[in-house]
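>>> What shape does this take:
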Amino acid sequence: MRLTSILALAATGLALSAGFAAADTLDNLERERALLIEAMLDPGLAPAERQARIESEQRRLVDLERMVLRDESLKGRNTPTVRKAFANYDLTFLVHASLEKKVSLMDNWMDQVGISTNTLMAARKGRR
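The predicted structure follows:
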């Protein structure tokens, strides 16, 4: 009797902790997208290293974008995060949007955040 109650209590604890540890697909997508953008902007990376990191992140991001697009639980949620994610398709689904537009990931991201070649060339390095 005592062993069964201990096992039942342990199973309940595992079930509850698994529920808290589960990350949202949209949160995972945003985390991976941030890592990709970090790799694109990291001045300490050599071009070959940057390209390798971008390709690695891009493969993971494609899978996560597909998971979010197919996630049925997001359809019923009307949170600000979900609304903003789907309102900004080109930024949320960066890889898919760049493939649809037939432009590079970096060009698509820069276009979406309002950075152009002219603004980059006119930028000065300095303190604020």
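
>>> Go through whichever strand or helix holds L99 and flag the buried ones.
Secondary structure assigned from DSSP states H and E places L99 in helix 94-101. If you call a residue buried by 16 or more other C-beta atoms under 10 Å, then helix 94-101 has these buried ones: L94, V95, H96, A97, S98. From N, CA and C alone the C-beta is placed, and that goes for glycine too.

>>> Pull the contacting residues for the third one.
If I follow you right, that is H96. Residues near H96 by C-beta atoms under 8 Å, 6 or more residues apart in numbering: V62, E65, L69.

>>> Kindly write the ChimeraX command that selects the buried subset of those.
Selection of buried members from the contacts of H96 for ChimeraX, criterion 16+ other C-beta under 10 Å:
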select :62,65
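
>>> Put together a markdown table for the contacts of H96, with pLDDT, secondary structure and distance to G114 on each row.
Rendered in a markdown table, the data for these read as follows (pLDDT from 0 to 100; DSSP: H, G, I helix; E, B strand; the rest coil; distance: C-beta to C-beta, whole Å):
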| residue | pLDDT | secondary structure | distance to G114 |
| --- | --- | --- | --- |
| V62 | 91 | helix | 25 |
| E65 | 91 | helix | 22 |
| L69 | 88 | helix | 25 |
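
>>> give me the element D27 is part of.
Assigned by DSSP H and E, D27 belongs to helix 25-41.

>>> Please compute how far that helix lies from its chain's middle.
4 Å (C-alpha atoms, centre = their mean, to the nearest Å).

>>> Kindly report the same for stretch 30-43.
9 Å.

>>> Check which residues of that stretch are buried.
Of the residues in stretch 30-43, E30, E32, R33, L36, I37, A39, M40 count as buried by neighbour count, 16+ other C-beta under 10 Å.

>>> and of those residues, the nearest to G76?
Closest approach to G76 among the buried residues of stretch 30-43 (C-beta to C-beta): E30, at 19.5 Å.

>>> Just the pLDDT at the closest one, thanks.
According to the model's per-residue confidence, E30 sits at a pLDDT of 91.
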